[in-house]
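Novice: Structure for this input, please:
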Amino acid sequence: MSLRDSIHWVWDGWADKLAIKVAEPKDSVVGNSLLSPPPDDGSFDLAPISAVVQIDTNDYGLTADANYRGPMDIWPDYAIIKPSCVFQVPDAVPFIGDWGMLVRSYPSPSPQSLGVVVCPWCQPWVASLDAIFCIENWPAFSDAARGGLDSIRQTHRVIPIPAYDVEGKLIDPHYHCRHLEGALAEVHFNLTHWSISRQGVPGKDVYTADIALIRVLVPPRAAATPCTPLKRKVSAFIHPDCSPTKRART
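Specialist: Here you go, the predicted structure:
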């Protein structure tokens, strides 16, 4: 079975989610299903995707405060901000030629580029983290972000971006730019698609990759400014069995 045959888009709320297609094996002799159909409970398994990408230095927001500069339409409240970035075609051999194959593997519609956000799902593994990952010591890089952080210190907790350096160590939230901006990285994510349109204007396909894990393979060529994010459980060291999966339709 090809990748295209094993995945499909599932409508979930206001967007499409790329999900694993439920297979019903058939008995080759009598043609009867060997398995009972799954229960119709509205749930589905998100398709886990892995790719080697270049993290773009433009529109870079994988920082502890997501480059927060005050309320906006999309993020009216500091407590709900999400770090984000853009994937580029990797500029290293042997990964340069793989991007086209990755894109062609998706069922239509297919993304030509990917915007990325850090998804807020909890991981199945938990480990105690150093004090630098506590909200009391969480960094903020603007007056607006510091004010927003102060407003949630007593009611929220921070869970770092699941980003690991070349040694497999969870990256200090003060230095995400230094380690991630422009890096070649292995990224594990799930894919979401929206068709955004205005009255009288045809819809535009927009995709985001909801990050589950980032592993730096090659650091950025030049150090960026010292500079992750919200509600997520992470391990201090990379865990090989990490995988987000189940979503329920809403």
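
Novice: For Ser195, give the beta-bridge partners.
Specialist: Asp205 (DSSP bridges).

Novice: Please shift the residue numbers so they start at 158 in all later answers.
Specialist: Let's use 158 as the start, then, which means that last one is Ser352.

Novice: how near is it to Asp173?
Specialist: 8 Å (C-beta to C-beta, to the nearest Å). All C-beta atoms are positioned from the backbone trio N, CA, C, and that covers glycine.

Novice: higher neighbour count, the two?
Specialist: Using other C-beta atoms under 10 Å as the criterion, Ser352 and Asp173 rank with Asp173 on top: 19 against 13.

Novice: The more buried one and Thr349 touch, don't they?
Specialist: Yes. Using C-beta atoms under 8 Å, Asp173 is in contact with Thr349, at 7.0 Å.

Novice: where along this structure do the helices fall?
Specialist: 160-163, 255-261, 300-309, 333-337 (DSSP state H).

Novice: Quickly, which of the ones you listed bottoms out on average pLDDT?
Specialist: Ranked by mean pLDDT, the helices of the chain bottom out at helix 255-261, which scores a mean of 67.

Novice: where does this protein have low pLDDT?
Specialist: 158-160, 180-199, 254-285, 379-407 (pLDDT under 70).

Novice: change it to 80
Specialist: For the chain, applying pLDDT under 80 flags the ranges 158-162, 179-199, 248-286, 316, 353-360, 379-407.

Novice: the strands in it, which residues?
Specialist: 164-169, 172-177, 200-202, 206-212, 241-245, 271-275, 320-321, 341-355, 358-375, 403-405 (DSSP state E).

Novice: of the ones you listed, which approaches Pro296 most closely?
Specialist: For these, the distance to Pro296 is smallest for strand 320-321, at 14.5 Å, taking C-beta to C-beta.

Novice: And the closest one, what does it pack against?
Specialist: helix 333-337, strand 358-375 (3 or more C-beta pairs under 8 Å, 6 or more residues apart in numbering; DSSP states H and E).

Novice: Select, out of those, the one closest to Ser163.
Specialist: Ser163 lies closest, by C-beta to C-beta, to one member of these: strand 358-375, at 18.6 Å.

Novice: Now do the closest one against strand 341-355, angle only.
Specialist: Counting by axes from the mean of the first three to the mean of the last three C-alpha atoms, to 10 degrees, strand 358-375 lies at 170 degrees to strand 341-355.

Novice: which secondary structure elements does strand 358-375 contact?
Specialist: strand 271-275, strand 320-321, helix 333-337, strand 341-355.

Novice: The ones you listed: which one's closest to Ile177?
Specialist: Checked against C-beta to C-beta, the stretch from the helices and strands packed on strand 358-375 lying closest is strand 341-355, at 10.6 Å.

Novice: Okay, buried residues for the closest one please.
Specialist: 341-350 (16 or more other C-beta atoms under 10 Å).

Novice: any chance of these in CSV, with distance to Arg378 too?
Specialist: Formatted as CSV, those follow (distance: C-beta to C-beta, whole Å):
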residue, distance to Arg378
Leu341, 10
Ala342, 14
Glu343, 18
Val344, 19
His345, 24
Phe346, 24
Asn347, 29
Leu348, 28
Thr349, 31
His350, 32
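
Novice: returning to that earlier point: among the strands of the chain, show me which one is buried the most.
Specialist: Sort the strands of the chain by mean neighbour count, taking mean count of other C-beta atoms under 10 Å, and strand 320-321 sits at the top with a mean of 25.

Novice: re earlier: for Asp300, which of the strands of the chain is the nearest?
Specialist: Nearest to Asp300, of the strands of the chain and by C-beta to C-beta, is strand 241-245 at 21.3 Å.

Novice: Next, the angle strand 206-212 makes with that closest one.
Specialist: 90 degrees.

Novice: dump the residue contacts of Val344.
Specialist: 207-210, 244, 273, 366, 368, 370-372 (C-beta atoms under 8 Å, 6 or more residues apart in numbering).

Novice: Thanks again, I'm all set now.
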